[in-house]
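K.L.:
This is the structure alone, sequence omitted:
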């Protein structure tokens with residue numbers, strides 16, 4: 001099994017200097033080494049060559065990733081709730097302010113988690129474990145706008161009795177409604 005990349009390696013991919021791709025040795029501003037075989041106009045560093053065959057991730061693999069993400073988010077929320085109970089005891093449970101904050105966190109945390117992980121890494125925890133990632137249709141990384149649009153379209157897919165998600169089971173390219181609306185695809189690594 002492949003070892004997890006270090007935080008430095010992950011952030012180096014996220015913040016790859018544009019000038020470092022065009023230089024023979026390294027960027028004079030940030031010190032990042034040049035990436036072999038790329039030029040300034042080559043597009044995103046993560047994108048494959050045009051026409052490269054990507055293997056789409058199917059419906060069940062994507063559903064399993066959502067299940068893992070859900071378990072992760074519940075674990076974080078339970079851990080936070082336990083920490084708050086240790087700090088303040090049971091007194092805040094009757095407070096409407098704390099109840100409202102709890103409900104807001106239960107809704108906002110999954111949204112922020114999804115948008116940030118897809119934008120920064122192209123993967124959530126479930127996708128990392130199952131070795132799949134979300135990319136733009138052209139194979140490049142997601143922008144913040146695309147990540148937000150994908151989340152909103154994901155909610156729309158779910159609101160339509162989940163039928164938008166089922167599209168991934170029947171399409172050849174395995175893209176669900178939210179992928180079509182956001183201009184993304186999910187591929188195997």
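P.N.:
Cool, got the structure. Only a predicted model underlies this, so the values are computations on that prediction, with no experimental measurement involved. Numbers count the residues shown, from 1 in each chain.
K.L.:
the domain parsing of this protein - what is it?
P.N.:
By the record's domain assignment, the chain is partitioned as 1-45, 59-188 (automatic domain parsing).
K.L.:
Looking at the longest one now, give me its mean pLDDT.
P.N.:
When you say that, I think you mean domain 59-188. For domain 59-188, the mean per-residue pLDDT is 91.
K.L.:
Let me know which of the domains of the chain is tucked in deepest.
P.N.:
Highest mean neighbour count of the domains of the chain: domain 59-188, a mean of 16 (counted as mean count of other C-beta atoms under 10 Å). Yep, even glycine has a C-beta here, placed from its N, CA and C like the rest.
K.L.:
Show me the contact partners of stretch 89-106.
P.N.:
For stretch 89-106, contacts defined as C-beta atoms under 8 Å, 6 or more residues apart in numbering pick out 77, 80, 81, 84.
K.L.:
Spatially central residue (nearest the centroid) of this protein, please.
P.N.:
residue 118 (2.0 Å; C-alpha atoms, centre = their mean).
K.L.:
Any chance of the backbone angles for the residue nearest to residue 133 when sequence neighbours are not counted?
P.N.:
Spatial nearest neighbour of residue 133, excluding adjacent residues (C-beta to C-beta, 6 or more residues apart in numbering): residue 122 at 4.2 Å. With angles defined as degrees, to the nearest 10, residue 122 sits at phi 80, psi 0.
K.L.:
Residue 122: what's it in contact with?
P.N.:
Going by C-beta under 8 Å, 6+ apart, residue 122 touches 46, 133, 134, 135, 141, 142.
K.L.:
State the distance from it to residue 136.
P.N.:
The gap separating residue 122 from residue 136 is 9 Å, by C-beta to C-beta, to the nearest Å.
K.L.:
Strands of the chain, start to end?
P.N.:
For the chain, applying DSSP state E gives strands covering 132-136, 184-188.
K.L.:
partners of the first one in the sheet?
P.N.:
The one in question is strand 132-136. strand 184-188 (antiparallel) (DSSP bridges).
K.L.:
which residues make contact with the partner strand from outside it?
P.N.:
In contact with strand 184-188 (C-beta under 8 Å, 6+ apart) are residues 54-57, 61-62, 127, 131-137, 142, 146, 150, 168, 173-175, 178-179.
K.L.:
Off-centre distance for it?
P.N.:
Centroid separation for strand 184-188 versus its chain: 11 Å, with C-alpha atoms, centre = their mean, to the nearest Å.
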